Every structure is written in structure tokens, then in C-alpha cells.
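Visitor: From the sequence below, what's the structure:
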Amino acid sequence: MIRHAIVEELARLGATVYARSRNEIEINECLKDWKSKGFRVAGLACNVSSKSEREKLMLTVSSLFNSKLNILINNVGTNITKPTVDYIVEDFSFMMTTNVESAHHLS
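Guide: Alright, predicted model coming up:
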């Protein structure tokens, strides 16, 4: 997966990396793997479509990096594949929150 490759490449280059995934089991398995490789990686489960979870993520990252983050890679995106005429307001809102609002908020 591209996100794993990004984390591993940055870690190989000496960066301290903070990763996130919506899935707690997945992020914990990845963290275990990365730590076994000697990478300086921490992370947590976070759904960036949730404002409160984004705020928790930002507070955590800010405290770990003394309020200085050098690189933010936003590899988040979603799509609902159905005809546009079948979209309901919640579909559009979910996509905009995930794809646009979360990127803006985290930047």
C-alpha cells in the first residue's frame, strides 16, 4: 500500500513518523512491524471524517513534535459510486468532510 511505502521510506531516511489509520487493529500491526524494523514510528486509530478525532490527532502530534510538524501527507480520500441523481445529502456531506474539510482542518 502506498501509505506503508511512504512511512517506511521516510523512516529509512531518518524521520520520526506519526501514522494513522481508521482501523485500530491495522495501525497496531503496522506499528509493531515498523518498530521491529527499527523505525521511529508512532500512531493511532483516527477517522479523519470526524472533527473530534482530527482534533485529538492534532493535539497528540503537536505534543509529540513540540508543536512543529515538518511534513503532512494526507492520503485520505473516499468516493461513493452510484449515479449522481441517487446521492442523498449525507453522501455528499460525507465525501466533502472526508476529502476536503479534513485536509483543510489538518493543514
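
Visitor: which residues of the protein fall in strands?
Guide: 17-21, 41-45 (DSSP state E).

Visitor: Quick check: which ranges of the chain have low pLDDT?
Guide: For the chain, the stretches flagged by pLDDT under 70 are 1.

Visitor: Spatially central residue in it, please.
Guide: Arg20 (4.2 Å; Cα atoms, centre = their mean).

Visitor: just to revisit the earlier point, quick one, which of the strands of the chain is packed in tightest?
Guide: Stretch with highest mean neighbour count among these: strand 17-21 (a mean of 19; mean count of other Cβ atoms under 10 Å). The way it works is simple: take the backbone N, C-alpha and C, and place the C-beta from them, glycine included.

Visitor: residues making contact with that one?
Guide: By Cβ atoms under 8 Å, 6 or more residues apart in numbering, the residues outside strand 17-21 that reach it are 3, 7, 10-11, 27, 30-31, 34, 39-46, 48, 57, 60-61, 64-65.

Visitor: returning to that earlier point: out of the strands of the chain, flag the one nearest Gly77.
Guide: Among the strands of the chain, the nearest to Gly77 by Cβ to Cβ is strand 17-21 (14.1 Å).

Visitor: Noted, bye for now.
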